[in-house]
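Trainee: sequence and predicted structure, then a few things I'm wondering about:
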Amino acid sequence: MCAAFLAATMPWPSHAGGEPGKFDYYVLALSWSPTYCESEGRKRRDPQCKAPRPYAFVLHGLWPQYEKGWPEHCNIGRKPWVPRVLIDSMLDIMPSPRLVIQQYRKHGTCSGLSPEAFYSLSRKFHDTIQIPARYLSPRKPVIVSPKEIEDDFLKTNLALQPDMISVSCGRGKRLREVRICFTKAGILTPCGENENQARLCKLDEIIMPPIRGGSPHQKAPR
């Protein structure tokens, strides 16, 4: 396999132990909960996969990024600790205590923010994005192209531009997440090379498994 092909397909490396607060932009990662629950979520008996509330897009995390690569598990001079009251306050959009804790340890420590400030910012960014209506509570699999997903988000969020969003897919041609890029100040911004669509999903067609739990008339979270 030629080096040029490898360079075009391999992900940029992470930089463990980066300096807190030193990064270029944020990625808001919105995970498709049914895909997660079809795979590792069910094996872990994750609460979001057996809850009565039907979860569709949920907040995976807010990730500090470099233009190429990203920091993670940054040294903040003490053991990262997320208070239980803060964990509980995030469960409506991040429906797993394990996820809330893990995301601060891995990504929040690199933001230069306290857990409280980091999750306040995460919620603020999350709430600026409106989920397209067709993805709020699908009861049957949705077969769609990554571009169609992006176009739906662009039509629903008029400030969003094509270079500010990308779609990630995984095993079984399933949608993993939608990634949207912000400046540190919370302004939508073009993404770096980490969100190059060719790196995240090259498929022409992907599957969005239907939501799990709840009644057909119960509204899924935004």
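Mentor: Received the coordinates, thanks.

Trainee: what is the neighbour count of Trp63?
Mentor: Per other CB atoms under 10 Å, the neighbour tally for Trp63 reads 23. The C-beta positions use only the backbone N, C-alpha and C, and glycine is treated the same way.

Trainee: shouldn't it be within a strand?
Mentor: Yes - when DSSP: H, G, I helix; E, B strand; the rest coil is applied, Trp63 is found to be in a strand.

Trainee: with adjacent residues omitted, what lies nearest to it?
Mentor: Val27 (4.4 Å; CB to CB, 6 or more residues apart in numbering).

Trainee: surely the one you found meets Pro190?
Mentor: No - checked against CB atoms under 8 Å, the pair Val27 and Pro190 is beyond contact range at 11.8 Å.

Trainee: of those two, who's got more company?
Mentor: Val27 (23 against 13).

Trainee: bridged to that one, which residues?
Mentor: Taking DSSP bridges as the rule, Val27 bridges to Trp63, Cys181.

Trainee: can you tell me how far it is from Arg84?
Mentor: From Val27 across to Arg84, the span is 27 Å (CB to CB, to the nearest Å).

Trainee: on that earlier part again, need the residues touching each of Val27 and Pro190.
Mentor: Each of Cys181 lies in contact with both Val27 and Pro190 under the rule CB atoms under 8 Å, 6 or more residues apart in numbering.

Trainee: give me phi/psi at His73?
Mentor: His73 has phi and psi values of phi 50, psi 50 when expressed as degrees, to the nearest 10.

Trainee: contacts only, for the residue nearest to Trp63.
Mentor: Here Val27 is in contact with Leu62, Trp63, Gln65, Arg179, Ile180, Cys181, Phe182, Cys191, Asn194, Glu195 (CB under 8 Å, 6+ apart).

Trainee: what pLDDT is listed against it?
Mentor: With respect to pLDDT, Val27 has a value of 98.

Trainee: for Ser33, same thing?
Mentor: What the model reports as pLDDT for Ser33 is 93.

Trainee: and the closest residue to it other than its chain neighbours, how far from Pro146?
Mentor: Excluding the flanking residues, the one nearest Ser33 by CB to CB, 6+ apart is Tyr55, at 3.9 Å. Between Tyr55 and Pro146 the distance is 21 Å, computed by CB to CB.

Trainee: same check on Pro190?
Mentor: 17 Å.

Trainee: same question, Gln65
Mentor: 20 Å.

Trainee: same question for Gly69.
Mentor: 23 Å.

Trainee: those two: which has the busier surroundings?
Mentor: More crowded of Gly69 and Pro146, by other CB under 10 Å: Pro146, with 22 against 18.

Trainee: nearest residue to that one other than its sequence neighbours?
Mentor: Closest to Pro146 by CB to CB, 6+ apart is Val167, at 3.9 Å.

Trainee: sheet partners, orientation included, of the helix or strand that neighbour falls within?
Mentor: Taking DSSP states H and E as the definition, Val167 sits inside strand 165-169. Applying DSSP bridges to the sheet, strand 165-169 is found paired with strand 175-182 (antiparallel).

Trainee: whatever helix or strand comes next after the partner strand - contacts with which helices or strands?
Mentor: Where DSSP H and E defines the elements, the next helix or strand beyond strand 175-182 is helix 197-200. Where contact means 3 or more CB pairs under 8 Å, 6 or more residues apart in numbering; DSSP states H and E, helix 197-200 is packed against helix 3-9, strand 165-169.
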